[in-house]
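> after the sequence you'll find the predicted model.
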Amino acid sequence: MHGKADLHTHTIHSDGTLSSSELVKKAKSAGLSVIGITDHDSVNGVDEAIAAGKEYDIGVVPGIEMSTCLNEKEIHILGYFVDHHNEQLLQSLVILRNERYKRAERIVKKLNSLNIPLKIEAVLDHAGNGSIGRPHIANAMVEKGHADSYQQAFGKYIGNGRPAYEKKLQCSPLEIIKLISEAGGLSFLAHPGNYITEGEITQIIEAGIDGIEVIHPSHDANLLQYYRGIVNNYYLLECGGSDYHGGLKGDDGLLGQITVSSQAVEAMQRRLYRNKKTQ
Ligand code: AMP
Ligand code: ZN
Ligand code: FE
Ligand code: FE
């Protein structure tokens, strides 16, 4: 395996705009050798991606992105090589997606009380059958003329701490790391950026995280070096990618631009092999 890998992407199964096969095809034309599919709280796009990967001759890593909460902060965790048919994982994902739906209803209610007559049906038109999230609400608000832009919808209404913000179901990093591990996968701290303290990183490492997303559009060269240092000090793995949403947030040129070497994927496979042998 050689070439470039993008290990962080979203499809219509969460808040991306492309189907899994469209995304895989696009990844191939963008010069990638491997793509990781990491929808929020869903692995429903994985089977189609694997089939498309065979058709277009590109490696597909089954993955997921999940939200956790530590010290009131929202922390995202990526899971790779999870068994996407694992019963316990699938059951938990159904619960999390239901909770997302209820939260979207609460956000719409808050918007209504702010005199914005948005209906949940308009949001569902954008979410389709995927995990419903705030990007779908932002798009529905723009479509119905309740916000000037996607960014404004977040900035004025639904962004963290804004008047129509609502939290998602809260799980600890430990719970999610355990869920991913029991589904046979490896867990990575997603885009830690500059909002996590060193103490919190240590807590997440002690909870059993396997690696850190070092490469991400929100990381500058300093953050990259900083997290690479932590990866090396604690014998962790490294991952990275573009967090591509299919053009949703003006990210259309990003696919193929923010990548890691496919050796990062080989390192994951070696770690999984070793874990199996030492079980
Ligand atoms: P959710 O999973 O429903 O909480 O939605 C999270 C998504 O909303 C992520 O993909 C973020 O990129 C996006 N998001 C969160 N805050 C903002 C913001 N202030 N501006 C634009 N997008 C945001
Ligand atoms: Zn997203
Ligand atoms: Fe994220
Ligand atoms: Fe993401």
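Right, received. Where do you want to start? Here the structure is a predicted model, which is why all the values come from computation and not from measurement. Ligands and ions are numbered 1, 2, ... in the order given.
> drop to CA atoms for contacts and neighbour counts, all remaining ones
Will do.
> regarding the protein, what is its longest strand?
strand 59-70 (DSSP state E).
> that strand: what's the following helix or strand?
strand 73-80 (DSSP states H and E).
> the residue of the chain found nearest ligand 1: what's it in contact with?
Residue of the chain nearest ligand 1, by C-alpha to the nearest ligand atom: G133 (3.2 Å). Going by C-alpha atoms under 8 Å, 6 or more residues apart in numbering, G133 touches 14-15, 100, 104, 127.
> distance between the longest strand of the chain and the chain's centre?
Distance of strand 59-70 from the chain centroid (C-alpha atoms, centre = their mean, to the nearest Å) equals 5 Å.
> over to stretch 155-172?
Distance, centroid of stretch 155-172 to centroid of chain: 17 Å (C-alpha atoms, centre = their mean).
> what does stretch 38-49 give?
The answer for stretch 38-49 is 10 Å, by C-alpha atoms, centre = their mean.
> same question for stretch 267-277.
23 Å.
> got a list of contacts for it?
With C-alpha under 8 Å, 6+ apart, stretch 267-277 has contacts from 185-186, 237.
> 10 Å - rerun?
Stretch 267-277 is contacted from outside by 80-81, 184-186, 210-211, 236-239, 263-266, using C-alpha atoms under 10 Å, 6 or more residues apart in numbering.
> just the residues you listed: which are in strands?
80, 186, 211, 237-239.
> can you lay out these as CSV showing neighbour count, pLDDT and distance to ligand 1?
As requested, the ones in strands among the contacts of stretch 267-277 are exported to CSV (neighbours: other C-alpha atoms under 10 Å; pLDDT from 0 to 100; distance: C-alpha to the nearest ligand atom, whole Å):
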residue, neighbour count, pLDDT, distance to ligand 1
Y80, 27, 98, 18
L186, 25, 98, 21
G211, 25, 98, 21
L237, 23, 98, 23
E238, 24, 98, 21
C239, 29, 98, 18
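> now do the phi/psi pair for the residue of the chain closest to ligand 1.
phi -140, psi 180 (degrees, to the nearest 10).
> make 40 the starting number, not 1.
That works, and once the first residue is 40, the last one we named lands at G172.
> can you pull the pLDDT of it?
According to the prediction, G172 has pLDDT 96.
> what about G98, how many neighbours?
22 (other C-alpha atoms under 10 Å).
> surely D96 touches I74?
No. Taking contacts as C-alpha atoms under 10 Å, D96 lies outside contact range of I74: 11.1 Å.
> coming back round to it: widest-spaced pair of the contacts of stretch 306-316?
The most widely separated members of the contacts of stretch 306-316 are G223 and Q302, with 20.0 Å between them, by C-alpha to C-alpha.
> who's more crowded, those two?
Neighbours around G223 and Q302, counted as other C-alpha under 10 Å, are more numerous at G223. The numbers are 19 against 16.
> mind listing what that one touches?
Counting by C-alpha under 10 Å, 6+ apart, G223 has contacts 118-123, 125, 217, 311, 314-315.
> again, only this time at 7 Å
If a contact means C-alpha atoms under 7 Å, 6 or more residues apart in numbering, then G223 has 120-122 as its contacts.
> next one: V82
Counted by C-alpha under 7 Å, 6+ apart, V82 has contacts 102-103, 123.
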